[in-house]
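Engineer: Structure of the sequence below:
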Amino acid sequence: QVQVVESGGGLVQPGGSLRLSCAASGFRLDYYAIGWFRQAPGKEREGVSCISNNDGSTYYSDSVKGRFTISRDNAKNTVYLQMNSLKPEDTAVYYCATARNLYSVGWTEVEQYDYWGQGTQVTVSS
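Structural biologist: As a prediction, this is how the structure comes out:
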């Protein structure tokens, strides 16, 4: 069964850090581009970061650039999102998703992604 599962969310104070994990089962994650998205209540799902499956290029939204880092561990079949200097506006459910053939210019487009995890809640609050 093809599946991706996110973990690592939680409650953190402003300025704190979390590392999210996206683990795959049933397929090799390194064959896919992986995107991280988030959705806050009442808002549309937005692209946060992406890592390509060919040359390892990484992409970030302006709102997280310089604070978040995406990376792969192919041996563990896992992609990570390291989130530093967290802000209350980062509060959302975070999802990872796979894209077999990603058009990198449109990496934030949800339609490009095939498999989605169930999401993990990140809450930034004092």
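
Engineer: isn't Arg38 right next to Glu44, touching?
Structural biologist: No: look at Arg38 against Glu44 with C-beta atoms under 8 Å: they stay out of range, at 10.2 Å. Every residue, glycine included, has its C-beta placed from N, CA and C.

Engineer: Quick one, grab the pLDDT at the most centrally placed residue in the chain.
Structural biologist: The residue lying closest to the centre of the chain (C-alpha atoms, centre = their mean) is Trp36, at 2.1 Å. We have a pLDDT of 98 for Trp36.

Engineer: Point me to the helix or strand that includes it.
Structural biologist: strand 33-39 (DSSP states H and E).

Engineer: Can you name the residues in contact with that strand?
Structural biologist: For strand 33-39, the external contacting residues (C-beta atoms under 8 Å, 6 or more residues apart in numbering) are 20, 22, 45-53, 70, 72, 79, 81, 90, 92-100, 102, 104, 107-108, 110, 112-113, 119, 122.

Engineer: Show the buried residues in the residues you listed.
Structural biologist: 20, 22, 45, 47-53, 70, 72, 79, 81, 90, 92-99, 102, 107-108, 112-113, 119, 122 (16 or more other C-beta atoms under 10 Å).

Engineer: roughly how far apart are the residue nearest to the centre of the chain and Gly117?
Structural biologist: As judged by C-beta to C-beta, to the nearest Å, Trp36 and Gly117 stand 10 Å apart.

Engineer: ditto for Ser85
Structural biologist: From Ser85 to Gly117 the distance is 24 Å (C-beta to C-beta).

Engineer: Looking at those two, which has the bigger crowd around it?
Structural biologist: A direct count of neighbours by other C-beta atoms under 10 Å for Ser85 and Gly117 places Gly117 higher, at 20 against 13.
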